[in-house]
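In: Fold the following.
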Amino acid sequence: MGTVNIDAIVFGVYLAAVAAVGVLASRKEKESDDYFLASRSLTWWTLLSSVICSKRKGS
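Out: Down below sits the predicted model:
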């Protein structure tokens, strides 16, 4: 078994795992608010850190 085959197998397993996580996570969301706003369940410091990181990255 060469390195090309091992790389392809690892890549295929990774893609399958990402797809499985996506399917499992999508079952939890009922509306678009659940996805885009995290069901309005985030704390203030989580939102603040996200805003600060977004602002710094754009500069």
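In: Which parts of the protein are helices?
Out: Using DSSP state H, the helices assigned to the chain run over residues 3-28, 32-36, 44-58.
In: Dump the C-alpha coordinates for the helix or strand of the chain with the lowest mean pLDDT into PDB.
Out: Here the helix or strand of the chain ranked lowest by mean pLDDT, DSSP states H and E is helix 32-36, holding a mean of 71. Provided in PDB are the C-alpha atoms of helix 32-36 (Å, rounded to 0.1, in the frame of the first residue of the first chain):
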ATOM      1  CA  SER A  32     -33.000  29.400  10.700                       C
ATOM      2  CA  ASP A  33     -32.700  31.300  14.100                       C
ATOM      3  CA  ASP A  34     -31.300  28.100  15.600                       C
ATOM      4  CA  TYR A  35     -28.500  28.100  13.100                       C
ATOM      5  CA  PHE A  36     -27.700  31.800  12.600                       C
END
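In: could the helices of the chain be laid out in JSON lines, adding mean neighbour count?
Out: Placement of C-beta: from N, CA and C, glycine included. Shown next, in JSON lines, are those (neighbours: other Cβ atoms under 10 Å):
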{"stretch": "helix 3-28", "mean neighbour count": "10"}
{"stretch": "helix 32-36", "mean neighbour count": "11"}
{"stretch": "helix 44-58", "mean neighbour count": "9"}
